[in-house]
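**Q** need a 3D model of the following:
(2 chains)
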Amino acid sequence: METPAIFWGVILWMIAWGVLGSILLRRRYFARDLDTTNANFVGAMAGAALGPVGIGALWAKTPELTGRIIVAFALLAVVLIAGAFAFADPKNNCVSNGSFVASQITNGLIIGIIYGFMALGLTLIFSILGVVSFAHGEFYMIGGMLVYYITAVWLPGINPLLAVMGACAIAFLIGALFERLMLTPMYTGKIDRPVEYGILATFGLAFTLQYFVQAIHGASPVKAERFIDFPRIRWPEDSDPLWIRASRGNLELFETISISNPRFVAAVTCILVLLALLYLLHRTWTGKALRAVSQDRDAAAIAGIDPHRMNMLAFALGGMIAALAGALLVQAFSWLPQVGAIPAMRSFVIVVLGGLGSLPGAFVGGILVGLVEAAGTGCIPDAQKAASYIPAYGMIVLTLTLLLRPTGLFGRRFASGAHGQ
Amino acid sequence: MRITIVRRALLASVGTMAMLGGAAQAQDCPIKIGALAPLSAPGTVVGGEAMRDAMMIAEADINAAGGVLGCDIEVIIGDSEGLPERGAAVMERLIAQDGVVAVGGGYHSSVGVAAKDVADARGVPVVFAETWNDTITGDKQKYIFRIAPLSSWASGTIYQFALTLPGIEKVAILTENTDYGIPASEETKRGLGEGGVDSVIFSVDIGTQDYAGIVERIKAEDPDMIITLVTGEAAYNFTQQAADAGIGPMDLPFVTGQDALESGAYWTNVPDGQYAFVQRIGVPESQFTEKGKAFAAAYKEKTGKSDVESYAMEAYDSIAILAQAIGEAGSTDGDAIVAALEAIEHDGTLGKIYFPYGTQKDPSEDGKGDEWWHQWPDPALTMIQYQEEGQSSTDAAIVYPDAYKTADPILVNQ
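**A** Numbering: from 1, shown residues only, chains lettered A, B, ... in the order given. A predicted model of the protein is given here:
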């Protein structure tokens, strides 16, 4: 960085006004008996982005703090940080190299979609059962392991799509079976501390799955072959640069953005399954029943929905979603029995960031974490440190969000968690 | 047949030595020798399993030859998981709970750095097999020995090789944030710099899976060569993802992690890994000692692998040399074993192993640095290249140094 004083000066300025804005605006809205839910967040963003001007304007008018205002101030703050960074380090690739920026954003989006998809399963379980599943990473692991074994060992030559579906079906069955056998005491009042019981039970499942796979398979890394090969595409033929160029293992957009085949396949599949999931949740009786149970178990029961059956379905579905993420990524990453630890940790961060129990929050949170990780890896001037801090980037965003909006981005303010009862 | 005869002869010699020692002092049997190996992630499990298999063969060979001091030996392997804190705890358990009299093995430098202090404080001799960090011997601790090469020395082989390649002006180095990776990358950068080659270091946490952002950043640096100083499946992930992005071994000179010596796992995980260079410790199989050939045969039979990795040979030797030292000391006392190790001449699978510097002669007397304390000075270091797809590491071409060279390197960017 050529002139770090500029950058850090701006950051300190933003922090100072952000803290002041957060405190002042909340007091102002509280004094006027207005909704203070977003006052901290908007005050901080307005102070960080516009300093005394932003805080003063909000102080004077006290407008309703809608989503648009929140997003506008947040974007303004991000733009200010980016501008300060550009002035301070004009030779940085993130400032001077457009194709690099486009590639990093694409990478961030793609991996963010996959992160968000995996976190979706976790938040689905939490929203219905009120329990954080610590076996989520192990479902991710067995999804990948099953696809490897089905395609490479048990049924070589099988269509990978069938292998993925098979892995999902097995993961669904494991989830359903586990929920029936181990989690039902949570709902029947047989135990004093249902939440702690649920957490410990899923911990047990995590260890069981991990060491079972290690005992059967060993600990050597494996990897599945690419599910499909891209057709050879050069389109439009006479354009320079080509808009789309595809080889078997790679897709290139505008001869600038390079996306590997396994990532592309995984991200597109995640989006398609997400759409199917949204259809299930919003257009089918079962999905509506799941949502009803997540909102009010007693009312749902009165309406004829069996909450216990929904518990089983949610846990099995959540596990299956994690397994699907693993099944899709085993063609991209080397796979070990312990491979689920880091993605599971990241899913916890995303779920809290997006708001516990919020499905859109999980997906948006995943994309946000993916983009922040890509920005950190690409833009931090010290190459030696840029990649070292990857796990920390998501945590920084999470900490800031929780400070300013403890419910997370899309969290329900007064959600208490029914813990499956 | 010849291998079997040689092996029997070697076992007989070990056995005779063992029985001589056995007369010196009665022992509780079996004599327990501890061993460190990463058998769970985030450690390098591929390496750990290879070392475990090798050390089990060492135990069987020594016991088949009559054991030591009239007793069988029992090798107790502790899973370090590649984590320093776990390594220190496992070392403590091996000594305090399992009652081992000496310890061999060891893969990750960070584990070695943490575990050596525990062993030294308790007076239990350790012969580290595959931990490269210079400080492991550089701290000049009485009970700590090493048969792996020094990190600075191993890095020297890589950058000297890089400097022999034409058209290399900038090198990207990917390293891990460990006691192996950081000093190795700095030493490599220093050496390249002295040779007039610019370099940039990228460091990652051990076990990193997704390298997309880093690969883009390396691409933006437009390097002429990439050197990977990362262990385990992380190196597989990086190499394949770099290949997907067009900067892999088939696109520019690319040194991948040492675990690529496990060629079966390498080709499964890095299908586009042809033309990668790999550092290897030890001479090519055609130049193995008789003991090396016997071990290679036993190892391949036990594991079903087509090649034998250098860290497996080091692991075998670390146990065998301890067994010989216990026999020559005539005791399982730590000080006696150290005295025997300092005077030892062991015919190992890697060659004749000895420790010229220690309590009897300080490295400074020969103008050497502290890191040469209790350090075997002769392990051969070579660079190999997978010149054919699916090749085993044993068959791969040795491209550096000239003393062992079997083929010229194929330079994909020329």
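
**Q** and the residue nearest the centre of the chain?
**A** With no chain named, the answer covers chain A. Most central in chain A under C-alpha atoms, centre = their mean is A:Gly366, positioned 2.4 Å from the mean C-alpha point.

**Q** nope, chain B
**A** For chain B, by C-alpha atoms, centre = their mean, the most central residue is B:Glu130; offset 2.9 Å.

**Q** what's the local residue count around the closest residue to B:Trp267 other than its chain neighbours?
**A** Among residues not flanking B:Trp267 along the chain, B:Gly390 sits closest, at 5.4 Å (C-beta to C-beta, 6 or more residues apart in numbering or on different chains). For the C-beta atoms, the positions are set from N, CA and C on the backbone; glycine is no exception. Neighbourhood size, B:Gly390 [other C-beta atoms under 10 Å in any protein chain shown]: 12.

**Q** was I right to think B:Gly390 contacts B:Thr268?
**A** No - assessed by C-beta atoms under 8 Å, B:Gly390 is found out of contact with B:Thr268, at 10.3 Å.

**Q** get me the contact residues on chain B for chain A.
**A** Residues of chain B found near chain A (C-beta under 8 Å from any C-beta of the partner chain) are B:39-42, B:45-46, B:48-49, B:177, B:200-205, B:207-210, B:212-214, B:216-217, B:220-221, B:232-233, B:236-237, B:240-241, B:244-246, B:265, B:268-269, B:271-272.

**Q** and A:Ala224, how far is that from A:Ala374?
**A** Look at A:Ala224 and A:Ala374: by C-beta to C-beta, to the nearest Å, they are 25 Å apart.

**Q** with A:Ile110 instead?
**A** Counting by C-beta to C-beta - A:Ile110 and A:Ala374 are separated by 9 Å.

**Q** please identify every residue contacting each of those two.
**A** B:Ala212 (C-beta atoms under 8 Å, 6 or more residues apart in numbering or on different chains).

**Q** so the residue nearest to the centre of chain A touches A:Met118, yeah?
**A** Yes - A:Gly366 lies in contact with A:Met118 (C-beta under 8 Å); the separation is 7.4 Å.

**Q** taking the stretch 251-400 of chain B, what residue is nearest to chain A?
**A** B:Asn269 (4.6 Å; C-beta to the nearest C-beta).

**Q** circling back: for A:Ile110 and A:Ala374, work out which one has more neighbours and name it.
**A** A:Ala374 (26 against 22).

**Q** what sits against that one?
**A** Contacts of A:Ala374 (C-beta under 8 Å, 6+ apart): A:104-105, A:107-108, A:111, B:212-213.

**Q** what subset of those residues is buried?
**A** A:104-105, A:107-108, A:111, B:212-213 (16 or more other C-beta atoms under 10 Å in any protein chain shown).

**Q** next step: these restricted to strands.
**A** In strands, judged by DSSP state E, none of those are found.

**Q** around chain B, which positions in the stretch 51-200 of chain A sit nearby?
**A** A:93, A:97, A:100, A:103-104, A:107-108, A:110-111.

**Q** OK, contacts around A:Ala300?
**A** Counted by C-beta under 8 Å, 6+ apart, A:Ala300 has contacts A:289, A:292-293, A:307, A:310.

**Q** which one (most neighbours) among those residues?
**A** When neighbours are counted by other C-beta under 10 Å, A:Val293 leads the contacts of A:Ala300 with 28 neighbours.

**Q** would you map out the domains in chain A?
**A** A:4-90, A:98-229+A:256-389 (automatic domain parsing).

**Q** tell me where the stretch 251-400 of chain A has strands.
**A** A:257-260 (DSSP state E, counting those that start in this stretch).

**Q** list the contacts of A:Gln338.
**A** By C-beta under 8 Å, 6+ apart, the contact set of A:Gln338 is A:141, A:210, A:219, B:40-42.

**Q** again, only this time at 7 Å
**A** A:210, B:40-41 (C-beta atoms under 7 Å, 6 or more residues apart in numbering or on different chains).

**Q** closest one to A:Ala84 out of those residues, please.
**A** B:Ala41 (39.8 Å; C-beta to C-beta).

**Q** which residues are in contact with the residue nearest to the centre of chain A?
**A** A:112-113, A:115-117, A:119, A:350.

**Q** farthest pair within these?
**A** Largest separation among the contacts of A:Gly366 by C-beta to C-beta: A:Ile113 and A:Ile350, giving 11.7 Å.

**Q** between the two, which one's more packed in?
**A** Per other C-beta under 10 Å, whichever of A:Ile113 and A:Ile350 has more neighbours is A:Ile350, with 31 against 22.

**Q** what's the PyMOL line that selects buried ones from the contacts of A:Gly366?
**A** Only the buried entries of these go into this PyMOL selection, using 16+ other C-beta under 10 Å:
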select buried, chain A and resi 112+113+115+116+117+119+350
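
**Q** for the contacts of A:Gly366, which one is nearest chain B?
**A** A:Tyr115 (9.9 Å).

**Q** would that closest one count as being in a strand?
**A** No - if the criterion is DSSP: H, G, I helix; E, B strand; the rest coil, then A:Tyr115 is helix and not within a strand.

**Q** pretty sure it contacts A:Val349?
**A** No - between A:Tyr115 and A:Val349 there is no contact under C-beta atoms under 7 Å: 9.2 Å.

**Q** may I see the residues of the stretch 51-200 of chain A next to chain B organised as a markdown table, with pLDDT added?
**A** Shown next, in a markdown table, are these (pLDDT from 0 to 100):
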| residue | pLDDT |
| --- | --- |
| A:Asn93 | 88 |
| A:Asn97 | 88 |
| A:Phe100 | 90 |
| A:Ser103 | 89 |
| A:Gln104 | 91 |
| A:Asn107 | 91 |
| A:Gly108 | 93 |
| A:Ile110 | 94 |
| A:Ile111 | 92 |
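
**Q** farthest-apart pair in those, please.
**A** A:Asn97 and A:Ile111 (20.1 Å).

**Q** can you tell me the SS state at A:Pro231?
**A** Per three-state DSSP, A:Pro231 ends up coil.

**Q** contact partners for it?
**A** Counting by C-beta under 7 Å, 6+ apart, A:Pro231 has contacts A:Ala246.

**Q** per the annotation, how does chain B divide into domains?
**A** B:2-149+B:286-372, B:152-283+B:381-400.

**Q** can I get these in CSV including distance to A:Met14 and mean pLDDT?
**A** Below are these laid out as CSV (distance: least, C-beta to C-beta, whole Å; pLDDT from 0 to 100):
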stretch, distance to A:Met14, mean pLDDT
domain B:2-149+B:286-372, 36, 88
domain B:152-283+B:381-400, 25, 92
